[in-house]
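# Compute the structure for the input listed below.
(chains A and B)
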Amino acid sequence: MRFVDEFRDADKARALSAKITSLCEPGRQYKFMEVCGGHTHTIYKHGLEDYLPENINLVHGPGCPVCVIPMGRVDDAIHIARRPDVLMTSFGDMMRVPGSGGNFFDSNAEGTNIRMVYSPLDSLKIARQNPDLRVVFMAIGFETTAPSTAMTVLRAAQEGLRNFSIFCNHVTIVPAIKAILDSPDLRLDGFIGPGHVSTVIGCRPYEFIARDYGKPVVVAGFEPLDILQSIYLLMKQLARGRSEVENQYTRVVPWNGNEVALRAIGQVMELRPYFEWRGLGFISHSAMKVRDAYADFDAERIFEVPGVRVADPKACQCGEVLKGVLKPWECKVFGTACTPETPIGTCMVSPEGACAAYYNFGRFTRSRVREASQHEHA
Amino acid sequence: MCLGIPGEIIEISQERPDLAKVAVSGVKRTINIGLLSDDPPTPGEWILIHVGFALSKIDEKEAAAALEFLESIGKAYEDELAALRDSRID
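Predicted structure coming up:
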């Protein structure tokens, strides 16, 4: 416990809060996006917005890998799983993500065999143990999980396994940030950069944000003081008219990332020309597919995949939430038709989704209710 | 799945130096340390684990903070630990 206090000291938080306030230009509104769902969680859990002056707004970004998988890809996965010789494996988080005809649990009730696994390596083991079945791993996630998938494919190739493949849905965070920067809906002043993704990709890929868009980026840790300190660093850059990439999370994130992990991804996967993100639409070069050299492990080539685009449910405003245009509680179905028990949108499915985090911590403070009613009457 | 879980290295496999036994919240499981091959961890060191792979080395202080963060998440971490308990990487 004594270790943790260092990251949570209330006096330090208040001191940082005062320093942040002192850097605010009178009359100016500041908007920072926290890209990663883990940061959203810390912000809600610890009520960090209450430590910030009213003219600093935090908006939530697209950094929840489960949230951005479009319905069509869930349908494609279920289509593969319906083959009698297929056993599909998936991370638990993915099981409740709705496709157009239901989620993986619903599909299992109708006879498919989609099993939860902790690691792609567990999937590999299932393949070894079931030589008569074709085992397909539903690969999802940003650069935090892509190296694990890549290493697993390399291992499968090394072992000469013939009944293992991946249905590759890995996405890459930088093009999504660029899409948000290019979107006319939102004016941002800076970014709280993702922590765990950056352990793999490092800090360099964010340099274009500072250079081409003139916005500061601070890669941040997950403790409350990490986030407050990152906001302070962002404010300091703005006050000095600078835009740079800074690394607040040096205790975990190396500037150049994890080169072994990047090599593994590069060996097995390459960028797709475009990929659909739930709520955000098609984004160029924003996802990965399996390279030709590993085609034998690519479920998309082994099986016929319909690849039909399915529109998001009309009532759901996940797209706006993922872009930071709407706060979770501003969505029409938040907390009523859409809850963690019966999610309509993906942001409510994953615990890292902004809506689920918000719902679970019930952060309806007085100021926010006031804001909500103003929004309603606007 | 996106959660980085801190674990302490107990031992490195003799036959497969890319595998290590780690302790995570009292659960002992095998994970892959191949992504740290540039600077392999040794018993007693702490690592951050993502879906069965160590992605970075951390110190004990960071491990304690990360663990407390995860425990605060509640069900999502419990689910992740339950999944880890069922994991049989080899």
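# drop to CA atoms for contacts and neighbour counts, all remaining ones
Will do.
# Tell me which residues of the longest helix anywhere in chain A come out buried.
In chain A, with assignment by DSSP state H, the single longest helix is helix A:224-239. By 16 or more other C-alpha atoms under 10 Å in any protein chain shown, the buried positions in helix A:224-239 come out as A:224-238.
# any low-confidence regions in the chain?
Since you didn't name a chain, this refers to chain A. Along chain A, segments meeting pLDDT under 70 span A:1-7, A:362-378.
# nope, chain B
Applying pLDDT under 70 to chain B flags residues B:1-2.
# Pull out the buried residues from the helix or strand hosting residue A:151.
Assigned by DSSP states H and E, residue A:151 belongs to helix A:146-159. Using 16+ other C-alpha under 10 Å as the test for burial, helix A:146-159 gives A:146, A:147, A:148, A:149, A:150, A:151, A:152, A:153, A:154, A:156.
# Over to stretch B:50-60?
Along stretch B:50-60, these residues count as buried under the neighbour rule (16+ other C-alpha under 10 Å): B:50, B:51, B:52, B:53, B:54, B:55, B:56, B:57, B:58, B:60.
# Quick one: the helices in chain B, in order.
So, for chain B - with DSSP H - the helices run B:60-73, B:75-86.
# residue ranges of the strands in chain B, please?
Using DSSP state E, the strands of chain B run over B:5-12, B:19-24, B:27-32, B:46-50, B:53-58.
# which strands and helices sit next to the shortest one?
The contact analysis (3 or more C-alpha pairs under 8 Å, 6 or more residues apart in numbering or on different chains; DSSP states H and E) places strand B:46-50 against strand B:5-12, strand B:53-58, helix B:60-73.
# what residues are up against residue A:210?
Residues counted as contacts of residue A:210 (C-alpha atoms under 8 Å, 6 or more residues apart in numbering or on different chains) are A:216, A:217, A:243, A:244, A:245.
# Take the residues you listed and write them to CSV, including distance to residue B:29.
Below are the contacts of residue A:210 laid out as CSV (distance: C-alpha to C-alpha, whole Å):
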residue, distance to residue B:29
A:216, 40
A:217, 37
A:243, 44
A:244, 41
A:245, 37
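# Weed out the non-buried ones from those residues.
The neighbour-count test (16+ other C-alpha under 10 Å) marks A:216, A:217, A:243, A:244, A:245 as buried among the contacts of residue A:210.
# Once you drop chain neighbours, what's closest to the last one?
Leaving aside its sequence neighbours, residue A:245 sits nearest to residue A:217 (C-alpha to C-alpha, 6 or more residues apart in numbering or on different chains; 4.8 Å).
# Please enumerate residues in contact with the longest helix of chain A?
A:7-9, A:12-13, A:16-17, A:19-20, A:23-24, A:39, A:42-43, A:46, A:48, A:190-192, A:216-221, A:243-244, A:248-249.
# same deal with stretch B:3-22?
Residues contacting stretch B:3-22 (C-alpha under 8 Å, 6+ apart): A:196, B:23-25, B:28-34, B:37, B:41-50, B:63, B:66-67, B:70, B:77, B:90.
# repeat that with 6 Å
Stretch B:3-22 has contacts (C-alpha atoms under 6 Å, 6 or more residues apart in numbering or on different chains) with B:23-24, B:28-34, B:43-50, B:63.
# now do stretch A:129-149
Against stretch A:129-149 from outside (C-alpha under 6 Å, 6+ apart): A:65, A:85-90, A:127, A:163-172, A:197, A:261, A:264-265.
# Among these, which lie within helices?
Assigned to helices by DSSP H, the following of the contacts of stretch A:129-149 qualify: A:127, A:197, A:261, A:264, A:265.
# Residue numbers of chain B in contact with chain A?
Counting by C-alpha under 6 Å from any C-alpha of the partner chain, chain B comes close to chain A at B:35, B:51, B:52, B:61, B:65, B:83, B:84, B:89.
# can you rerun that using 8 Å?
Contacts of chain B with chain A, taken as C-alpha under 8 Å from any C-alpha of the partner chain, map to B:1-2, B:4, B:35-38, B:50-53, B:55-58, B:61-62, B:64-66, B:68-69, B:73, B:76, B:79-80, B:83-84, B:86-90.
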